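Participant: everything below, folded, please.
(chains A, B and C)
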Amino acid sequence: METESSSQIYTVKTEAFEGPFGLLLDLVEKRKLFINDVSLASVTEDFLSHMNSLGDSGSLSPAEITSFIQVAATLILIKSKSLLPNLSLTDEEQGDIKNLEERLRLYRIFMGLGGSVKSSFGKEMIFAPLERKNEILVFLPDSRITKDTMMEFARNVLGGMPKKVFLPEVEVRKVINIEEVIDNLTQRIQSAITMSFAEFSGKKSGQHTRAEKVTVIVSFLAMLEMIRNGILNAVQNNHMEDIIIEKIPDSALVEEVAGEIN
Amino acid sequence: MDELETKIESVLFWKGEPMSRKKLATILKVSENEINDAVEKLKNNLAHRGIVLQEKENEINLGTAPQISNLIEELRKEELNKELSKATLETLSIVLYKNGATRAEIDYIRGVNSSFTLRALSVRGLVEKTVSETDNRRYIYKPTFELLSFMGVAKIEDLPDYEQVNNSIHNAVKEEDVVAEELPIQNLEDETTFEN
Amino acid sequence: MDELETKIESVLFWKGEPMSRKKLATILKVSENEINDAVEKLKNNLAHRGIVLQEKENEINLGTAPQISNLIEELRKEELNKELSKATLETLSIVLYKNGATRAEIDYIRGVNSSFTLRALSVRGLVEKTVSETDNRRYIYKPTFELLSFMGVAKIEDLPDYEQVNNSIHNAVKEEDVVAEELPIQNLEDETTFEN
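Facilitator: Predicted coordinates:
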């Protein structure tokens, strides 16, 4: 339960649950930046290394890892594009980038509203009247209350409760997929470096000398390799852990019971 | 309406049963004379409304206006005789198979708040609310004797598959910690939401 | 106070639970328009009193005035659960300021799976899952009267900055459906899960 003041600075290790947007927004806001591709590119490395340390500490559930990795994949795209403007992105990739920015803006709006909800919640409340006492004692059953229907209802409601299950395969697949994304991007970046070799030497590169630019890209590639390994570690540490998902209740059963009675 | 009058109206409305002027004076930290003056004003203010102020000896109470009594009586009958909803039957099945359950346990198993359905069951004499023997801050909803005899069971254990279903319910409630982990919200002790 | 207004006040007081305008129209044998007019008057009449009229979609309810909150809280025997985790706050602010949202929309904004948070909120009676009016295959999580009561507002529009915020977010969230499939666990679950 959070009792800390809203001014408290985000710390990666202590929060029990903090989604990827919370981390990303915090990194952007610490630098007092607007949300756009430029600012997101500038926080990518920080995001990835935070994510890695979260993964290493084993404090993320598989479902959380997945949501962090989804965001990481998009950030890597943004970063790659910023390093290599001639890197061509698919429509889907461009869509992902646009979406991430939009979602982050929305998330920021609701984070703010969450603060205002917190400050009014339970302060000046409206109370429903207390349960009125039964003046007259009656017993009025219903023909649908029988031994069998009661058993069916009880079994059904139990069947509808969330169950513990193993990490679904699809989660693992998503994680494996990010590995492919990184491998694929690494290749694309490497070939883009060769393609744009001429560009590096030109004046377009601003303050960066060619050597500097190559260094930046090489270190980013190293970072990607590190993330790739980090993700694998996180998955290995976690994927046998239980997570809980909802079972779809067999509501048809209750209807059947009701049908029999009617 | 002045502040004291507003407060009296609020408290009486919330409480729903007669309160002594003395008690009101204590709660509201004013003299009994001040209460008397405010009650007089409130009575006048409520003179032509759907809620009226009733006085009996030293106690006052809010009630429905007498000219509406036929309508209320009709509604009461209708409420008592209408079909029980699926939600209500589901709640009843947990009370039966758990052989007495707190509202928090029922809410947790059903995944929704059960205050209104429990109220509907109480009004019809199907369940009764009792104070827990082990923890007097907790209420337990139990099946009534009339319900058991209506269902033709001499004792609760005679319900079909009682042991198995009862065990599943107990286990489900125990697993609460597991689910609450991500959501530090659930509190089995907490009966507060609608109820008192 | 006219007769219909009086009756509505009486019936709501007696019932002590939310009632739909439609139900009131049936009971009182008048049109829904007449109910609406009378409710408007009743609301004005209650404006500076100890009782407030709450409104939510088609339902209305009576409760104690928010300015008396501390007093009633003291009188209550049980403590209220006012704890809100970060996940809960985020989810509540979405449900409130969007005035109802699907789980996909909530997941989209939060970037994480919200099913457990939503279940816990539903158990606490702060949100309720209802079938969408426009698409009966979709479920919408909506604020309950209980949530409005905790926030101390008579209706959702009374939330701070509601109008302004609601407009700006409606424009921003349009693309949610496109991305919903990206979300973790999303596809494994069915929205019928918490149904009751």
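Participant: C-alpha from now on. contacts and neighbour counts both.
Facilitator: Fine.
Participant: against chain C, how distant is the residue of the stretch 1-150 of chain A found nearest chain B?
Facilitator: Using C-alpha to the nearest C-alpha, the single residue of the stretch 1-150 of chain A nearest to chain B is residue A:129, 4.1 Å away. In this view, residue A:129 and chain C are 6 Å apart by C-alpha to the nearest C-alpha, to the nearest Å.
Participant: residue of chain B nearest chain A, please.
Facilitator: residue B:14 (4.1 Å).
Participant: what are the phi and psi angles of the nearest residue to that residue once chain neighbours are set aside?
Facilitator: Counting by C-alpha to C-alpha, 6 or more residues apart in numbering or on different chains, residue B:14 lies nearest to residue A:129, which is 4.1 Å off, once chain neighbours are set aside. Note on residue A:129: backbone dihedrals following degrees, to the nearest 10 are phi -60, psi 150.
Participant: which ones are touching residue A:129?
Facilitator: B:13, B:14, B:15, B:16, C:16, C:63, C:64 (C-alpha atoms under 8 Å, 6 or more residues apart in numbering or on different chains).
Participant: touching, the fourth one and residue A:130? I think so.
Facilitator: Yes: contact status for residue B:16 versus residue A:130: in contact at 6.6 Å, counting by C-alpha atoms under 8 Å.
Participant: chain A: strands as residue ranges?
Facilitator: Secondary structure of chain A by DSSP state E: the strands cover A:163-166, A:242-245.
Participant: would you single out the least confident of those strands?
Facilitator: Set side by side, the strands of chain A differ in mean pLDDT, and strand A:242-245 is lowest with a mean of 38.
Participant: only the buried residues of the helix or strand hosting residue B:61, if you could.
Facilitator: Taking DSSP states H and E as the definition, one finds residue B:61 inside strand B:59-64. Buried residues in strand B:59-64, counted by 16 or more other C-alpha atoms under 10 Å in any protein chain shown: B:60, B:61, B:62, B:63, B:64.
Participant: partners of it in the sheet?
Facilitator: According to DSSP bridges, strand B:59-64 forms sheet pairs with strand B:19-20 (antiparallel), strand B:51-56 (antiparallel).
Participant: let me know the average pLDDT across that strand.
Facilitator: Computed over strand B:59-64, the average pLDDT equals 94.
Participant: could you point out the helix or strand that follows that strand?
Facilitator: With DSSP H and E, the next secondary element past strand B:59-64 is helix B:69-81.
Participant: buried stuff in that following helix?
Facilitator: Under 16+ other C-alpha under 10 Å, the buried positions of helix B:69-81 are B:72, B:75, B:80.
Participant: hmm, who's touching the helix or strand just after that helix?
Facilitator: Using DSSP H and E, the next helix or strand after helix B:69-81 towards the C-terminus is helix B:86-98. Contact partners of helix B:86-98, identified using C-alpha under 8 Å, 6+ apart, comprise A:145, A:150-151, A:153-154, A:157, B:101, B:106, B:110, B:114, B:117-118, B:120-121, B:127, B:141-143, B:156, B:159, B:162, B:165-166, B:169-170, C:196.
Participant: so where's chain B uncertain?
Facilitator: Residue ranges of chain B with pLDDT under 70: B:175-196.
Participant: for the stretch 101-250 of chain A, which residues score under the pLDDT cut-off?
Facilitator: A:134-136, A:163-178, A:193-211, A:230-250.
Participant: what about 90?
Facilitator: For the stretch 101-250 of chain A, the stretches with pLDDT under 90 are A:131-138, A:159-250.
Participant: and the helices in it?
Facilitator: Ranges of helices within the stretch 101-250 of chain A are A:147-159, A:169-195, A:197-201, A:210-238, based on DSSP state H, counting those that start in this stretch.
Participant: for chain B, same thing?
Facilitator: Secondary structure of chain B (DSSP state H): helices located at B:3-15, B:21-28, B:32-45, B:69-81, B:86-98, B:103-110, B:115-123, B:145-151, B:162-174, B:176-180.
Participant: tell me the most buried of these?
Facilitator: Counting by mean count of other C-alpha atoms under 10 Å in any protein chain shown, helix B:103-110 has the highest mean neighbour count of the helices of chain B, with a mean of 26.
Participant: check which helices and strands it sits against.
Facilitator: Counting contacts by 3 or more C-alpha pairs under 8 Å, 6 or more residues apart in numbering or on different chains; DSSP states H and E, helix B:103-110 is packed against helix A:147-159, helix B:86-98, strand B:139-143, helix B:162-174, helix C:115-123.
Participant: so for residue A:118, which of these sits nearest?
Facilitator: When the helices and strands packed on helix B:103-110 are compared by C-alpha to C-alpha, helix C:115-123 sits nearest residue A:118, at 14.7 Å.
Participant: is any part of the closest one close to chain B?
Facilitator: Yes: counting by C-alpha under 8 Å from any C-alpha of the partner chain, chain B is contacted by helix C:115-123 at C:116, C:117, C:119, C:120, C:122, C:123.
Participant: related to what we said a few turns ago, now the angle from the strand holding residue B:61 to helix B:3-15?
Facilitator: 70 degrees (axes from the mean of the first three to the mean of the last three C-alpha atoms, to 10 degrees).
Participant: contacts for strand B:59-64?
Facilitator: So strand B:59-64 is contacted by B:12-13, B:16-21, B:50-55, C:10-11, C:13-14 (C-alpha under 8 Å, 6+ apart).
Participant: circling back: how about JSON lines for the strands paired with strand B:59-64, with mean neighbour count added?
Facilitator: Formatted as JSON lines, the strands paired with strand B:59-64 follow (neighbours: other C-alpha atoms under 10 Å in any protein chain shown):
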{"stretch": "strand B:19-20", "mean neighbour count": "16"}
{"stretch": "strand B:51-56", "mean neighbour count": "17"}
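Participant: what about the ones you listed, which gets the closest to residue C:5?
Facilitator: strand B:51-56 (10.9 Å).
Participant: how far does the closest one sit from its chain's centre?
Facilitator: 22 Å (C-alpha atoms, centre = their mean, to the nearest Å).
Participant: alpha carbons only: can I get that strand in PDB?
Facilitator: Below are the C-alpha coordinates for strand B:51-56, written out as PDB (Å, rounded to 0.1, in the frame of the first residue of the first chain):
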ATOM      1  CA  ILE B  51     -39.800  11.600   5.000                       C
ATOM      2  CA  VAL B  52     -41.300  12.600   8.300                       C
ATOM      3  CA  LEU B  53     -40.000  13.100  11.800                       C
ATOM      4  CA  GLN B  54     -41.700  10.900  14.300                       C
ATOM      5  CA  GLU B  55     -41.500  11.400  18.100                       C
ATOM      6  CA  LYS B  56     -42.200   9.000  20.800                       C
END
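Participant: and residue A:181, what does it touch?
Facilitator: residue A:73.
Participant: if I look at it, how far off is residue C:7?
Facilitator: 67 Å (C-alpha to C-alpha, to the nearest Å).
Participant: ok, residue A:123 next?
Facilitator: Taken as C-alpha to C-alpha, the span from residue A:123 to residue C:7 is 32 Å.
Participant: again with residue B:163
Facilitator: Taking C-alpha to C-alpha, one finds residue B:163 at 50 Å from residue C:7.
Participant: ok, now residue B:25?
Facilitator: 31 Å.
Participant: residue B:162 too?
Facilitator: 47 Å.
Participant: contacts only, for the nearest residue to residue B:62 once chain neighbours are set aside.
Facilitator: Leaving out its chain neighbours, the residue that sits closest to residue B:62 by C-alpha to C-alpha, 6+ apart is residue B:53, at 4.8 Å. Applying C-alpha under 8 Å, 6+ apart to residue B:53 gives the contacts B:42, B:43, B:46, B:60, B:61, B:62, B:63.
Participant: right, I'll call it a day here.
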